[in-house]
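Novice: Just the structure for this:
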Amino acid sequence: MRPTLPRNRWLSYALAALTLAIDQSSKAWAVSHLAHQGQAPLLPGLLDLQLTYNPGAAFSLLTGFTGLLGLVSVLVALGLVVWLQRHRQLRAWQAAAAGLLLGGALGNGIDRWRIGAVVDFLALVPVSFPVFNLADVAINAAVACFLIDQLLALRRP
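Specialist: The predicted structure is shown next:
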């Protein structure tokens, strides 16, 4: 009989794989369709498509340290896998957070290792905000899931 993963841990890995697949396919689409287009509305007045390459981290911090940022992505991913393997039972919000964070870290990490920069293509129109991608959205959603989990934990007896 093969050992099985606890259900929530399996869901974390499945969500990470789905996040990674959507992130990488959306970036491939952006590179192939937006390279010569400039900026195009996706949701007029809210969200535009605009291809950029970010050699740094969030808000272009640590530009020029692509190798270090790639290493950080690998270490975050490995740390999450170790954390997932050590926890026998995960609460639903923890499982969601871990999956989203793992998929997002791998998505941006792959870009850094493959092309030396992260492919960004989503631009908020009403505010001046850096262009981002779906891995960034997943990482921020993971933070929100961890916060929800902690708030719910405070309410438990």
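
Novice: Flag every buried residue along the host helix or strand of residue 105.
Specialist: Per DSSP states H and E: residue 105 is located in helix 92-115. Buried residues in helix 92-115, counting neighbours by 16 or more other Cβ atoms under 10 Å, are found at 93-112. Glycine gets a C-beta too; all of them are placed from N, C-alpha and C.

Novice: in the sheet, who's paired with residue 123?
Specialist: On the basis of DSSP bridges, residue 123 is bridged to residue 48.

Novice: pull the longest helix from this protein.
Specialist: helix 7-34 (DSSP state H).

Novice: which other helices and strands contact the next helix or strand after it?
Specialist: Downstream of helix 7-34, the first helix or strand assigned by DSSP H and E is strand 39-43. Contacts defined by 3 or more Cβ pairs under 8 Å, 6 or more residues apart in numbering; DSSP states H and E place strand 39-43 against strand 47-54.

Novice: The strand it packs on - contacts with which helices or strands?
Specialist: So strand 47-54, by 3+ Cβ pairs under 8 Å, 6+ apart, packs with helix 7-34, strand 39-43, strand 118-124.

Novice: which one of these lies closest to residue 88?
Specialist: helix 7-34 (8.4 Å; Cβ to Cβ).

Novice: the inter-axis angle of the closest one versus helix 92-115?
Specialist: 40 degrees (axes from the mean of the first three to the mean of the last three Cα atoms, to 10 degrees).

Novice: buried sites along helix 7-34?
Specialist: Buried-residue list, helix 7-34, by 16+ other Cβ under 10 Å: 8-9, 11-13, 15-16, 19-20, 22-24, 26-27, 30, 34.

Novice: ok, and what's touching stretch 135-148?
Specialist: 19, 23, 58, 93-94, 96-101, 103-108, 118, 120, 122 (Cβ atoms under 8 Å, 6 or more residues apart in numbering).

Novice: no no, stretch 98-118
Specialist: By Cβ under 8 Å, 6+ apart, the residues outside stretch 98-118 that reach it are 11-20, 23-24, 27, 53-55, 66, 69-70, 73-74, 76-77, 80-81, 83-84, 90, 119, 133-139, 141-142, 145.

Novice: pLDDT (mean, whole number) over it?
Specialist: Averaged over stretch 98-118, pLDDT sits at 94.

Novice: Run the angle between the longest helix of the chain and strand 118-124 for me.
Specialist: Here helix 7-34 points in a direction 80 degrees away from that of strand 118-124 (the same axes, to 10 degrees).
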